[in-house]
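Just to be clear, the model below is a prediction. Sequence and coordinates:
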Protein chains: 2
Amino acid sequence: VVGLIQVYTGEGKGKTTAALGLALRALGHGMKVGIICFHKDPNSYSYGEYKSLSKLGAHIFCFAKRHPHFFKDVSKEMVRKECLEGVRFIKRLYEEKEYDILILDEILISLRDGFLKEEEVGELLDKKPKELEVVLTGRGAPLWIIKRAHLVSEIKEIKHPYKMGIERRKGIEY
Amino acid sequence: VVGLIQVYTGEGKGKTTAALGLALRALGHGMKVGIICFHKDPNSYSYGEYKSLSKLGAHIFCFAKRHPHFFKDVSKEMVRKECLEGVRFIKRLYEEKEYDILILDEILISLRDGFLKEEEVGELLDKKPKELEVVLTGRGAPLWIIKRAHLVSEIKEIKHPYKMGIERRKGIEY
């Protein structure tokens, strides 16, 4: 079986949840799933779904947990360094061939915000082992990523409760 | 906490997976999740993710498992009858108040294909208990549903591997 490159992008709600739903499906079939997340701290954001996926046997690795947009004391140089560590880690996982699916959650944000360069993410697509399924998420997938991917879903926001003044709720939005 | 009405619609891949990812998150927070699916047989389609969610404690109930589009021996009257059973079942769950979230998977297909009438699905939105989160999925959400919902994400297909002649793969697409 040949593994594809999937992309979940767009402004709407459901990019990471769609990718994690994919993890859910794969785990149900006994596949090995690795999730590499960028710019998220699983101890706060996304806590619920990561906990559930861990229980089911997924392995979760997080890099650059604090994004300078939310944490003013975090330097861009530090985030870039941590993102590069993430990239090196993914390449090591490629070599170890332990996983059937790798979800690179929010890596498109690392790219959009300049913490990773086009050639660095491009290399992850070039060097993907043939059998491995790789899923990239995050807003603003550039055209060159869309061209390289096999499946691209754009999630559009038609209506969002935050805009009606409804606040984020534990267990639902995070 | 007030529960909202969420809708995942559009032609792209990831509607059900986004909704099930939401279930994953809620289960991780110890919430009670019920999934009511229409036009899907969990013993074949979506087997992986339903198995994973069951393990985590979600309850899954399926109605009108065989859609006439795929099974020519299934009559439309039979499907309508089974969909109405599903609606009655959902109303019973409303009364029992056991769940924090109900996912009505592909109910928008029941509506689109005329197996359920506007007033029947509308009643499910009208009678939703205040605290309950209800998530509807399926292509072609009509405008009146979008108006009634608090959160609507449309998943657009930008690129799809089937169109490149790549076939559905177990554990990834189903």
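Yes, it's here.

For the most centrally placed residue in chain A, list the residues it contacts.
In chain A, the centroid-proximal residue (CA atoms, centre = their mean) is residue A:105; its distance is 0.6 Å. By CB atoms under 8 Å, 6 or more residues apart in numbering or on different chains, the residues touching residue A:105 are A:16, A:19-20, A:35-38, A:40, A:137-138. Where C-beta positions appear, they are placed from N, C-alpha and C, glycine not excepted.

and which of those residues is nearest residue A:61?
Distance to residue A:61, by CB to CB, is smallest for residue A:36 among the contacts of residue A:105, at 5.1 Å.

Now that closest one: which helix or strand?
strand A:33-38 (DSSP states H and E).

for residue A:94, same thing?
Using DSSP H and E, residue A:94 falls in helix A:76-96.

orientation of that helix relative to strand A:33-38 in degrees?
If you take axes from the mean of the first three to the mean of the last three CA atoms, to 10 degrees, helix A:76-96 sits at 160 degrees to strand A:33-38.

what comes up buried for the helix or strand following helix A:76-96?
For helix A:76-96, the following helix or strand on the C-terminal side (DSSP H and E) is strand A:101-105. Across strand A:101-105, burial judged by 16 or more other CB atoms under 10 Å in any protein chain shown covers A:101-105.

Just flag the most distant two among those.
Across those (CB to CB), the longest gap, 12.0 Å, separates A:101 and A:105.

rewinding a little: specify the beta-bridge partners of the residue nearest to the centre of chain A.
Taking DSSP bridges as the rule, residue A:105 bridges to residue A:37.

how far away is it from chain B?
11 Å (CB to the nearest CB, to the nearest Å).

and if you look at residue A:107?
Counting by CB to the nearest CB, the gap from residue A:107 to chain B is 17 Å.

and if you look at residue A:62?
16 Å.

State whether that residue and residue A:40 are indeed in contact, as I suppose.
Yes: look at residue A:62 against residue A:40 with CB atoms under 8 Å: they come within range, at 6.2 Å.

Low-confidence regions, chain A specifically.
Counting by pLDDT under 70, chain A shows low-confidence ranges at A:45-46, A:162-166.

try 90
Across chain A, the ranges flagged by pLDDT under 90 are A:1-2, A:11-18, A:21, A:40-51, A:66-74, A:157-174.

Okay, strands next: where are they in it?
If DSSP state E is used as the criterion, the strands of chain A fall at A:5-9, A:33-38, A:59-63, A:101-105, A:133-137, A:151-159.

export those to CSV and tack on distance to residue B:57?
Converted to CSV, these look like this (distance: least, CB to CB, whole Å):
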stretch, distance to residue B:57
strand A:5-9, 26
strand A:33-38, 19
strand A:59-63, 20
strand A:101-105, 23
strand A:133-137, 25
strand A:151-159, 27
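
what's the closest of those strands to residue B:87?
strand A:151-159 (24.0 Å).

strand partners of the closest one, parallel vs antiparallel please.
By DSSP bridges, strand A:151-159 pairs with strand A:5-9 (parallel), strand B:151-159 (antiparallel).

Switch those strands over to a markdown table; also include distance to residue A:51 and mean neighbour count.
Below are those laid out as a markdown table (distance: least, CB to CB, whole Å; neighbours: other CB atoms under 10 Å in any protein chain shown):
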| stretch | distance to residue A:51 | mean neighbour count |
| --- | --- | --- |
| strand A:5-9 | 21 | 25 |
| strand B:151-159 | 23 | 22 |
